[in-house]
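Asks: Structure, please.
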Amino acid sequence: YNMAQNGTTFFSGNQTQIIEGSETSYFQNIVFDNITSTVPFHLASNINIGKNASFKNGIIDADTYNGKMIFDENAFHSNASNVSFADEKVENLGNFQFEFPIGDEIYFRPSINNKAVDDKNIYTTQYFFKNTGTLHPYTSKDPEVLSIDQKEYWNIVQNQGTEKIVISLTLDKNTTPELFFADSATSQLAIVRWDDTTSKWINEKGETTDLLTGADYTKIITTQVRGYGIFNIALAEKDNPAPPTDLIIYNAISPNGDGKNDSFHIKGIDKYPNNRVEIYNRWGVKVYDALSYNENDVMFRRYSDGHDTVKKSAGLPAGTYFYILRYNKNNESIQTTGYLYINNDK
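Replies: Numbering: from 1, shown residues only. This is a model prediction of the structure:
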């Protein structure tokens, strides 16, 4: 094994394949392509991917056989779907944005970790298509949490590091109850996390985006977490209208050069120079991050500074984005989140 080379290992054939070993096996590129059955791969050991894992055909079952898939800090994957994914614990090293190619039974249900700061971070994530109410009672919850998805959950473990990152969870009508897709004037989707200290589900909130037709999941919800552990989808009471503020956030831009709405304008932010603005796309990828945002030269104008995801000089596509604004006012730290819409029409 040599990272300077670019070898590829193919797991294909016409019978069930057992992947096992007494020690971790290291691969540069790996391809899973077996149509013998729905679950043709039995992973009974740890495998480490240094570059790319291509999920073409066949689900990898490591949950039953106590295996694990590990992605190095520069590794990624492609083609994961309901046809092929990892039914197991998946570990990721590093601080790059990463979609965990996980699922359970026959359903691909990824979670997404946004780019972080510490390149020594290690996270392990697994998705379960089952009820966890016996260990984590759904009736023990923050008062504003109205209902919790009782059919599925994610376990997101921070093995190394201290950052509280932005994560995204996915909703799929094949697994997520219909209740969580209904529009309501009084409730909204949220991410909840089981807190071992208080023994209850706490509201981590979140912003929801509908995905395009053809995706393997239907919606995605994004939030910055305050801890790690068992996560789930929930319905929570809609936030009360924000108290009057001297900031006005114009959450739609049309950067076509006509001098109108060409940038993300936060009216009044100049009064609070100790601030930070972060913008994420619908996949939870950070595309913009600025300190001392203002109404003049430090403004978001559709161009990304997410070096690991999008070329800085390339304008971002039209669509819905998620912003986080933090600023200090009268020695109080204030955080505001919401949607930002980009319209590239001329």
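
Asks: so how far is T139 from the residue nearest to G13 when sequence neighbours are not counted?
Replies: Nearest non-adjacent residue to G13, counting by C-beta to C-beta, 6 or more residues apart in numbering: N34, 5.8 Å away. All C-beta spots, glycine's among them, are computed from the backbone N, C-alpha and C. Distance, N34 to T139, using C-beta to C-beta, to the nearest Å: 43 Å.

Asks: try Q15
Replies: Taking C-beta to C-beta, one finds Q15 at 47 Å from T139.

Asks: residue boundaries of the strands in the stretch 151-300 of the chain?
Replies: When secondary structure is read from DSSP state E, counting those that start in this stretch, the stretch 151-300 of the chain shows strands at 153-160, 166-171, 187-195, 200-205, 207-210, 219-224, 229-237, 248-249, 252-253, 266-267, 275-280, 286-291.

Asks: Dump the ones you listed to JSON lines, plus mean pLDDT.
Replies: Listed next are the strands of the stretch 151-300 of the chain as JSON lines, based on pLDDT from 0 to 100:
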{"stretch": "strand 153-160", "mean pLDDT": "97"}
{"stretch": "strand 166-171", "mean pLDDT": "92"}
{"stretch": "strand 187-195", "mean pLDDT": "95"}
{"stretch": "strand 200-205", "mean pLDDT": "96"}
{"stretch": "strand 207-210", "mean pLDDT": "80"}
{"stretch": "strand 219-224", "mean pLDDT": "89"}
{"stretch": "strand 229-237", "mean pLDDT": "96"}
{"stretch": "strand 248-249", "mean pLDDT": "89"}
{"stretch": "strand 252-253", "mean pLDDT": "86"}
{"stretch": "strand 266-267", "mean pLDDT": "94"}
{"stretch": "strand 275-280", "mean pLDDT": "91"}
{"stretch": "strand 286-291", "mean pLDDT": "90"}
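
Asks: between those, which gets nearest to D297?
Replies: When the strands of the stretch 151-300 of the chain are compared by C-beta to C-beta, strand 286-291 sits nearest D297, at 10.4 Å.

Asks: Can you list the helices and strands that that closest one packs against?
Replies: Contacts defined by 3 or more C-beta pairs under 8 Å, 6 or more residues apart in numbering; DSSP states H and E place strand 286-291 against strand 275-280.

Asks: Which secondary structure elements does the strand it packs on sit against?
Replies: With contacts defined as 3+ C-beta pairs under 8 Å, 6+ apart, strand 275-280 has these neighbours: strand 286-291, strand 319-329.

Asks: N34 and T139: which has the busier surroundings?
Replies: Per other C-beta atoms under 10 Å, whichever of N34 and T139 has more neighbours is N34, with 23 against 8.

Asks: Does that one touch I59 like I think?
Replies: No: contact between N34 and I59 fails when scored by C-beta atoms under 8 Å: they sit 9.7 Å apart.

Asks: tell me, what's touching the two both at once?
Replies: Counting by C-beta atoms under 8 Å, 6 or more residues apart in numbering, the common neighbours of N34 and I59 are P40, F41.

Asks: burial count for K260?
Replies: Using other C-beta under 10 Å, the number of residues around K260 comes to 9.

Asks: now it: how far from E163?
Replies: Taken as C-beta to C-beta, the span from K260 to E163 is 38 Å.

Asks: Can you give the contact residues for stretch 82-91?
Replies: Here stretch 82-91 makes contact (C-beta under 8 Å, 6+ apart) with 32, 39, 43, 55-63, 67-71, 80, 100-108, 110, 122-126, 159, 216.

Asks: then it to PDB, C-alphas only?
Replies: Provided in PDB are the C-alpha atoms of stretch 82-91 (Å, rounded to 0.1, in the frame of the first residue of the first chain):
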ATOM      1  CA  ASN A  82     -30.500   2.800  -2.000                       C
ATOM      2  CA  VAL A  83     -28.800   0.200  -4.300                       C
ATOM      3  CA  SER A  84     -25.400   0.400  -2.500                       C
ATOM      4  CA  PHE A  85     -24.300   1.900   0.800                       C
ATOM      5  CA  ALA A  86     -22.700   1.000   4.200                       C
ATOM      6  CA  ASP A  87     -25.100  -0.700   6.700                       C
ATOM      7  CA  GLU A  88     -22.600  -0.200   9.500                       C
ATOM      8  CA  LYS A  89     -20.500   2.300  11.500                       C
ATOM      9  CA  VAL A  90     -18.600   4.600   9.200                       C
ATOM     10  CA  GLU A  91     -15.700   6.600  10.600                       C
END
